[in-house]
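>>> I'd like to go over a predicted model; first the sequence, then the structure.
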Amino acid sequence: MANVATGLDQFVQKSWKRFRGQSLGLLANQASVDHNLRNARDAIATLLPGQLKILLGPQHGFRGEDQDNMVETQDYFDPELNIPVCNLYGRNIAKLSDILSTIDLLVIDLQDVGTRVYTFTATMLYTLKEAARAGKRVLILDRPNPLGGSIVEGNLLRPQFYSLVGPFALPMRHGMTMGELAYLFKDTFKIDCDISVLTLKGWRRYMLWRDTGLTWIMPSPNMPLLETAQVYPGQVIWEGTNISEGRGTCRPFEIFGAPFLNPSIIKKGLPSRDIQGCHVQEYYFRPTFNKWKGELCTGFMIHVLNPTAYRPYRTSLALLKAIMETYGDKFAWRKPPYEYDFKRLPIDLIFGDSSIRVNLEEGKDIEELLDYCSKDLEGFLESRKPYLIYQE
């Protein structure tokens with residue numbers, strides 16, 4: 001039995017009766033399961049037969065079937081429930097206003113991974129804004145942040161870099177749940193919408209995923225394991241470069257590299273303080289798709305040994321700096337488009353601040369970059385306090 005009950009568990013166990021007679025929409029995917037691994041679609045349809053009118057999916061689709069960025073899942077009809085299933089990722093999100101007119105209440109049950117660039121957060125924010133315009137109520141079924149709620153990392157996103165991978169001035173690792181973020185968004189963006197959160201039972205901020213007793217269900221195709229989520233707040237930066245982030249392997253983001261790297265040279269230049277809590281193993285791989293498809297890549301695999309001590313943002317930033325300094329003639333920033341932005345550099349969208357890239361290009365020390373980030377983090381920790389639902 002899990003130590004933590006999710007918002008969906010709370011809905012199934014005691015709250016569902018409050019919603020009898022209402023037309024419902026559900027924004028969820030394959031990771032939206034209760035402690036018995038029953039999907040929210042099935043749980044709600046069983047308890048409230050005939051009340052689900054539409055299913056909505058985030059990036060990768062309601063069933064999580066589609067790979068990579070800027071791949072839009074096709075809409076279809078659920079043959080069992082006899083209702084439409086619509087994808088809200090990318091340009092398809094424009095149809096949300098029409099969808100909301102068919103329901104009384106929108107239920108959102110999405111498993112976030114605790115990193116700013118994960119697009120589920122942006123999808124939720126846009127959905128909340130549209131629900132307010134349509135005068136609809138929203139119910140968030142909360143889920144744990146797999147990275148815990150105590151540690152935050154990285155720089156704050158600057159408003160001029162708002163995008164699908166950065167909808168608000170959050171740090172890269174924000175330490176909040178989707179329910180907490182919904183309350184923050186409602187206040188910050190002045191969203192005039194009735195938002196309620198079915199909270200977690202038994203979750204505390206210090207808890208990492210393994211403390212919850214819950215089963216990890218991959219929330220997206222390249223987030224297969226808890227270990228993937230642990231490295232993601234740092235390893236996602238490779239998406240903005242010509243270095244493979246391990247897409248096309250069985251362990252994306254943990255594995256990364258390129259054909260031109262010499263891992264032993266890079267590793268020699270890494271200070272021990274930048275790789276605390278992990279082991280950086282030299283690794284060879286041949287991606288089956290995405291960057292360097294079919295080519296032999298040399299690089300690394302990050303093994304998280306102590307998740308409490310490990311700081312993914314620091315470690316990946318140090319690796320990036322070492323690669324840039326060693327292979328300046330072969331290393332390159334990825335060019336647009338990226339997540340439907342056709343003008344700005346992908347790395348600037350990922351960092352949410354072009355000065356991080358500029359400082360790296362100028363050879364600034366990692367400590368300088370992290371000091372720059374830490375000033376923002378202190379303010380963020382203070383500003384998020386009113387929206388925190390769970391205690392230490």
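Nice, thanks for sending it over.
>>> what pairs with residue 256 across the strands?
Note on residue 256: beta-bridge partners residue 300, judged by DSSP bridges.
>>> Contacts only, for it.
235, 238, 243-246, 299-300 (Cβ atoms under 8 Å, 6 or more residues apart in numbering). For the C-beta atoms, the positions are set from N, CA and C on the backbone; glycine is no exception.
>>> Tell me which of those residues fall in helices.
By the criterion of DSSP state H, membership of the contacts of residue 256 in helices covers residue 235.
>>> Now do the strands in the stretch 51-200 of the chain.
Secondary structure of the stretch 51-200 of the chain (DSSP state E, counting those that start in this stretch): strands located at 52-57, 76-78, 83-87, 105-109, 137-141, 195-198.
>>> Comparing those, which comes out most buried?
Most buried of the strands of the stretch 51-200 of the chain by mean neighbour count (mean count of other Cβ atoms under 10 Å) is strand 105-109; its value is a mean of 25.
>>> and it, what does it pack onto?
In terms of contact count using 3 or more Cβ pairs under 8 Å, 6 or more residues apart in numbering; DSSP states H and E, strand 105-109 is assigned the packing partners strand 24-28, helix 40-47, helix 120-134, strand 137-141.
>>> out of the strands of the stretch 51-200 of the chain, which comes closest to residue 216?
Each of the strands of the stretch 51-200 of the chain has some distance to residue 216 by Cβ to Cβ; the shortest is strand 105-109, at 16.0 Å.
>>> can you tell which of the helices and strands packed on strand 105-109 is closest to residue 325?
Proximity to residue 325, assessed across the helices and strands packed on strand 105-109 by Cβ to Cβ, is greatest for helix 120-134 (32.9 Å).
>>> Tabulate the strands of the stretch 51-200 of the chain (CSV), appending mean pLDDT.
Shown next, in CSV, are the strands of the stretch 51-200 of the chain (pLDDT from 0 to 100):
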stretch, mean pLDDT
strand 52-57, 97
strand 76-78, 96
strand 83-87, 95
strand 105-109, 98
strand 137-141, 98
strand 195-198, 98
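>>> about what we covered before: which of the contacts of residue 256 sits closest to residue 89?
Ranked by distance to residue 89 (Cβ to Cβ), these are led by residue 245 at 19.3 Å.
>>> How many residues are close by the closest one?
Using other Cβ atoms under 10 Å, residue 245 has 24 other residues around it.
>>> and the nearest residue to it once chain neighbours are set aside, how many neighbours?
Closest residue to residue 245 apart from its sequence neighbours, by Cβ to Cβ, 6 or more residues apart in numbering: residue 238 at 3.8 Å. Look at residue 238: counted by other Cβ under 10 Å, it has 27 neighbours.
>>> Please apply the same query to the one 5 residues further on.
Burial of residue 243 is recorded as 25 neighbouring residues (other Cβ under 10 Å).
>>> Pull up the gap between the residue nearest to it when sequence neighbours are not counted and residue 269, please.
In space, and not counting its chain neighbours, residue 243 is closest to residue 258: 5.0 Å by Cβ to Cβ, 6+ apart. When distance is defined by Cβ to Cβ, to the nearest Å, residue 258 is 17 Å away from residue 269.
>>> more neighbours, those two?
In this view residue 258 and residue 269 are compared by other Cβ under 10 Å, and residue 258 has more residues nearby, 20 against 14.
>>> dump the residue contacts of that one.
Applying Cβ under 8 Å, 6+ apart, we find residue 258 in contact with 242-244, 291-292, 297-299, 330.
>>> and the closest residue to residue 197 other than its chain neighbours, what is it in contact with?
With Cβ to Cβ, 6+ apart as the measure, residue 179 is the residue that lies nearest to residue 197, at 3.7 Å, once sequence neighbours are left out. Counting by Cβ under 8 Å, 6+ apart, residue 179 touches 7, 140, 142, 197-200, 389.
>>> how much distance is there from the helix or strand of the chain with the lowest mean pLDDT to the middle of the chain?
Every helix and strand in the chain was compared by mean pLDDT, DSSP states H and E; the lowest is helix 96-100, with a mean of 88. Taking Cα atoms, centre = their mean, to the nearest Å, the mean C-alpha location of helix 96-100 is offset from the chain mean by 24 Å.
>>> can I see the domain layout of this protein?
Described in terms of automatic domain parsing, the domain architecture of the chain consists of the residue ranges 7-217+383-387, 226-361.
>>> Put together a markdown table for the ones you listed, with distance to residue 373 on each row.
Formatted as a markdown table, the domains of the chain follow (distance: least, Cβ to Cβ, whole Å):
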| stretch | distance to residue 373 |
| --- | --- |
| domain 7-217+383-387 | 4 |
| domain 226-361 | 8 |
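>>> Nearest to residue 374, out of those?
Ranked by Cβ to Cβ, the member of the domains of the chain that lies closest to residue 374 is domain 7-217+383-387, at 9.2 Å.
>>> roughly how far apart are the spatially closest residue to residue 184 that is not a sequence neighbour and residue 175?
In space, and not counting its chain neighbours, residue 184 is closest to residue 387: 4.3 Å by Cβ to Cβ, 6+ apart. Applying Cβ to Cβ, the value for residue 387 to residue 175 is 12 Å.
>>> Between the two, point out the one with more neighbours.
residue 175 (21 against 18).
>>> got a list of contacts for the helix ranked longest in the chain?
Ranked by residue count, the top helix of the chain under DSSP H comes out as helix 366-383. Applying Cβ under 8 Å, 6+ apart, the external contacts of helix 366-383 come out as 152-156, 169-171, 174, 271, 274, 313-314, 317-318, 321, 355-356, 359-360.
>>> Make a PyMOL selection of the buried ones in the residues you listed.
What follows is the PyMOL syntax selecting those of those that are buried according to 16 or more other Cβ atoms under 10 Å:
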select buried, resi 152+153+154+155+156+169+170+171+174+274+313+314+317+318+321+356+359+360
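>>> Helices - which of the contacts of helix 366-383 land there?
Filtering these for helices - DSSP H - leaves 313-314, 317-318, 321, 355-356, 359-360.
>>> Reformat those residues as CSV; add distance to residue 162.
Rendered in CSV, the data for the ones in helices among the contacts of helix 366-383 read as follows (distance: Cβ to Cβ, whole Å):
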residue, distance to residue 162
313, 20
314, 25
317, 22
318, 27
321, 26
355, 16
356, 16
359, 21
360, 22
